[in-house]
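Asker: What shape does this take:
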Amino acid sequence: MSDHIRNTGPMLASPRCGAKTRCGGACRSPAVHGRKRCRMHGGAHGSGAPRANRNARKHGLFSRDAIAERRQIQMLLGEARKLLEEMK
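Answerer: The predicted model follows:
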């Protein structure tokens, strides 16, 4: 074994990534210099969505109109279920 002493102070003192892991806890990796996320959660160069992300609107599944339509359908289904229960 060598007598080399590791200098881990700067690594331990660096700010941590603010991302949430799959388990629900915080990511313990150090954030990339000048960013709030580690290299695996979006701190790496070129990661993340492009500016003015048009990909998010490609299918319209989460547009206001689509959400309102789904709520309307759920209300109609609820009324139909109540009507069927009353007919029994």
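
Asker: got the buried residues for the helix or strand of the chain with the lowest mean pLDDT?
Answerer: Using mean pLDDT, DSSP states H and E, the weakest-scoring helix or strand in the chain turns out to be helix 9-13, at a mean of 81. Of all the residues in helix 9-13, not one is buried under the rule 16 or more other C-beta atoms under 10 Å. All C-beta spots, glycine's among them, are computed from the backbone N, C-alpha and C.

Asker: residues making contact with the next helix or strand after that helix?
Answerer: For helix 9-13, the succeeding helix or strand toward the C-terminus, using DSSP states H and E, is helix 64-87. Among residues not part of helix 64-87, those counted as contacts by C-beta atoms under 8 Å, 6 or more residues apart in numbering are residue 60.

Asker: If we use 10 Å, what do you get?
Answerer: Helix 64-87 is touched from outside by 59-61, 63, with contacts defined as C-beta atoms under 10 Å, 6 or more residues apart in numbering.

Asker: Please indicate which of the residues you listed has the highest neighbour count?
Answerer: With neighbours taken as other C-beta atoms under 10 Å, the top of those is residue 63, carrying 11 neighbours.

Asker: and it, what pLDDT?
Answerer: Confidence per residue is given as pLDDT, and for residue 63 that number is 84.
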